[in-house]
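Chemist: Take a look and give me a structure for this.
(chains A and B)
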Amino acid sequence: MGSVRTRFAPSPTGYMHVGNLRTALYAYLLAKKDGGTFILRIEDTDQERKVEGAVDIIYKTLAETGLAHDEGPDIGGPVGPYVQSERKEIYKKYALELVEKGAAYYCFCDKERLDELRLVQEASKMPSKYDGHCRNLSKEEVEEKLRAGIPYVIRQKIPESGSTVFEDAVFGTISTPNDSLDDNVLLKSDGLPTYNFANVVDDHLMGITHVVRGTEYLSSAPKYNLLYEAFGWEIPIYVHCPPVMKDAHNKLSKRNGDASYEDLIAAGYLKEAVLNYIALLGWSPGGEQEIFTLPELVQAFDISGISKSPSIFDTSKLRWLNGEYIRRLEPKVFFEMAKPYLDRAITSPQIDKEAVAALLQPRCEVLSDIPEHVDFLDCLPEYDTELYCHKKMKTNRENSLTALKEILPVLEGLSDWTQEALHEALFALIERLGVKNGLILWPLRVAVSGKAFTPGGGIELSTLLGKEETLRRVQRGIELLS
RNA sequence: GGCCCGUUGGUCAAGCGGUCAAGACGGCGGCCUCUCACGCCGCAAACGGGAGUUCGAUUCUCCCACGGGUCACCA
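Modeler: This is a model prediction of the structure:
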């Protein structure tokens, strides 16, 4: 058992966005690479933003993607509880300890005063920052206000001078002047901690060795560092990951209507492909390999490969990767996955859907585009006879009509309706007429599909459609061309 | 605005003082082929700008520009 302990600490918002999932992935990989422990912690200290069922989505996603946590609210563990709202007393105790140590203080300022303060600061173009009104209250004053039952918060006491320096495994040494840091609230008036505080306390108490999170926390990291120092706790290794972007200017987000993990799955992407793709978004294994199973990712993962700049989520590359995964599937497995989509598009019972799936597998990138590939099997679409004209096949309306008229009796006379038999009969015809393959096969494919592009050629499609339907469509072609 | 961080082709990215600056996706062209797709081959396409340091900078330093993040009793 390794000693690395990482955690994924989402707040239950009811939505697993791609950036979040990637953070979970990296935390998981980092732990597993070392044979360490991956922990799930729910950060629900914001009572107003609680969403019902949100935690279930988190469990479901982690289970589905194989990012199995070793400790968490659902499975327990030695350092629980793993839900922050159940740890209320813990935070209070540590907040008070910090007050004892002089690294934090009671603040009785009410919302009105703070709003006003902010307004004044904004108006005078000052950086908005707590003015330290309660920073130097005497012990007696504090006691008195406490006794009077005045609501309070506990704020962090940031040193007035000097600077805070810390190491980030991705970004290196980062130094921040203390006077640019604010005396943030640690414990809210409802008795619950802020994220800033709960995070530090929990990460320490849970023995987290590597804190993996997004760069949005990079600028708060100095404050966390100061907290660790005040407690005399060992500082974890920070691993800040750059954001996943929708485009050069916007993060991927629910607000922008961007796809979440669930949306991608619903759209017909394979979970393995999604995981593989996001692993490569913001991290590079260094070598040429691009397709990785989860265990392979565990093997290959290294913090040094995490990039510093944001990366744009590229759907076209995901599509390609998904196609790669689809092509590698066992035909049976692909058929099972494709089935719901095939059922939606094909209603006629005589079509062999497994055979359709076999045709589809090499040319399908996302499951959801199956219907548009196969809709013509169900019902011959209205089509323009222009489709019969193809320069490379050297076909036009006239010779297509001739071809179909030659084809019809051949097919009618065929008793054994298999791909082999069709192939044999049609190539015999081609030979007898002494023409190029395309001259016969192109018109057949058009007649039978009514489309410019189809999965499979004329012979394959005819096999699928069955004798009766094929003959009907060839006749229809003859009618249209006559 | 203050503070922090970043900047290699359209996108993901390798590179860690000397390279004709990888590779992948996408694009384009070709081959294969009964269409499309798959597969194979090839082409175009990048170090934001300026000063230094150095025999030599994409790589190190500084400045600028641009981009991102953060400045809540949200996480």
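Chemist: what's the closest non-adjacent residue to the residue of chain A found nearest RNA strand B?
Modeler: Closest contact between chain A and RNA strand B, by C-beta to the nearest atom of the strand, is at residue A:457 (2.5 Å). The C-beta positions use only the backbone N, C-alpha and C, and glycine is treated the same way. Nearest residue to residue A:457, sequence neighbours excluded (C-beta to C-beta, 6 or more residues apart in numbering): residue A:445, at 5.6 Å.
Chemist: Show the pLDDT at that neighbour.
Modeler: The score at residue A:445 is 97. That number is its pLDDT.
Chemist: The stretch 51-200 of chain A against RNA strand B: which residues are in contact?
Modeler: Contact residues of the stretch 51-200 of chain A with respect to RNA strand B, defined by C-beta under 7 Å from any atom of the strand, are listed as A:109-111, A:114, A:118, A:125, A:127-130, A:151, A:153, A:171-172, A:174-177, A:180, A:182, A:184-185, A:188-190, A:192, A:194-196.
Chemist: From what I see, the residue nearest to residue A:457 and residue A:461 are in contact.
Modeler: Yes - if you go by C-beta atoms under 8 Å, residue A:445 and residue A:461 touch, sitting 6.4 Å apart.
Chemist: what is in contact with those two at once?
Modeler: Common neighbours of residue A:445 and residue A:461, counting by C-beta atoms under 8 Å, 6 or more residues apart in numbering, are residue A:454.
Chemist: now the helices for the stretch 251-400 of chain A?
Modeler: A:261-266, A:271-279, A:294-300, A:315-328, A:331-345, A:353-360, A:370-378, A:397-412 (DSSP state H, counting those that start in this stretch).
Chemist: From one end of stretch A:297-314 to the other, what's the distance?
Modeler: 20 Å (C-alpha to C-alpha, to the nearest Å).
Chemist: ugh, typo on my part, it should be stretch A:373-389
Modeler: 21 Å.
Chemist: pLDDT of it, averaged?
Modeler: 95.
Chemist: do stretch A:199-212 as well
Modeler: 97.
Chemist: Repeat that for stretch A:276-294.
Modeler: pLDDT averaged over stretch A:276-294 gives 96.
Chemist: Angles on the backbone of residue A:152, please.
Modeler: phi -140, psi 160 (degrees, to the nearest 10).
Chemist: Would you mind writing the CA trace of stretch A:300-307 as PDB?
Modeler: C-alpha atoms of stretch A:300-307 as PDB (Å, rounded to 0.1, in the frame of the first residue of the first chain):
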ATOM      1  CA  ALA A 300       1.600   6.400 -17.500                       C
ATOM      2  CA  PHE A 301       0.500   9.200 -15.300                       C
ATOM      3  CA  ASP A 302       2.900  11.700 -14.000                       C
ATOM      4  CA  ILE A 303       2.500  15.200 -12.600                       C
ATOM      5  CA  SER A 304       5.200  16.500 -14.800                       C
ATOM      6  CA  GLY A 305       3.100  15.900 -17.800                       C
ATOM      7  CA  ILE A 306       0.300  18.300 -16.600                       C
ATOM      8  CA  SER A 307       0.300  21.500 -18.600                       C
END
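Chemist: Return the set of buried residues in it.
Modeler: Using 16 or more other C-beta atoms under 10 Å as the test for burial, stretch A:300-307 gives A:300-301, A:303, A:306.
Chemist: mind checking how far that stretch is from the chain centre?
Modeler: Chain-centre distance of stretch A:300-307: 19 Å, with C-alpha atoms, centre = their mean, to the nearest Å.
Chemist: Hmm, residue A:463 and residue A:418 touching each other?
Modeler: Yes - at 6.8 Å, residue A:418 counts as touching residue A:463 under the criterion of C-beta under 8 Å.
Chemist: of the two, who's got more company?
Modeler: Between residue A:418 and residue A:463, counting by other C-beta atoms under 10 Å, residue A:463 is the more crowded of the two (21 against 10).
Chemist: List phi and psi for residue A:165.
Modeler: The phi/psi pair for residue A:165 (degrees, to the nearest 10) is phi -120, psi 140.
Chemist: Can you give me the distance of residue A:58 to residue A:269?
Modeler: Distance, residue A:58 to residue A:269, by C-beta to C-beta, to the nearest Å: 19 Å.
Chemist: what's the answer for residue A:403, then?
Modeler: Counting by C-beta to C-beta, the gap from residue A:403 to residue A:269 is 41 Å.
Chemist: Have a look at these two and say which one is more surrounded.
Modeler: residue A:403 (28 against 25).
Chemist: Could you report the neighbour count for the nearest residue to residue A:451 once chain neighbours are set aside?
Modeler: Of all residues beyond its chain neighbours, the one nearest residue A:451 is residue A:376 (5.3 Å), with distances taken as C-beta to C-beta, 6+ apart. Residue A:376: 21 surrounding residues under other C-beta under 10 Å.
Chemist: ok, residue A:376 touching residue A:454?
Modeler: Yes - judged on C-beta under 8 Å, residue A:376 makes contact with residue A:454 at a distance of 7.0 Å.
Chemist: can you tell if the strand or helix carrying residue A:470 touches RNA strand B?
Modeler: According to DSSP states H and E, residue A:470 maps onto helix A:467-481. No - Helix A:467-481 does not reach RNA strand B (C-beta under 7 Å from any atom of the strand); its nearest approach is 12.9 Å.
Chemist: Tell me which residues of that helix come out buried.
Modeler: Of all the residues in helix A:467-481, those buried under the rule 16+ other C-beta under 10 Å are A:467, A:469-471, A:473-474, A:476-478, A:480-481.
Chemist: and which of these is nearest to residue A:343?
Modeler: Using C-beta to C-beta, residue A:469 comes nearest to residue A:343 of these, at 18.8 Å.
Chemist: Tell me which residues touch that closest one, please.
Modeler: residue A:350.
Chemist: now residue A:66
Modeler: If a contact means C-beta under 8 Å, 6+ apart, then residue A:66 has A:275, A:294 as its contacts.
Chemist: related to what we said a few turns ago, out of the residues of the stretch 51-200 of chain A next to RNA strand B, which sit inside helices?
Modeler: Cross-referencing these against helices under DSSP state H gives A:111, A:114, A:118, A:195-196.
Chemist: No further questions, thank you.
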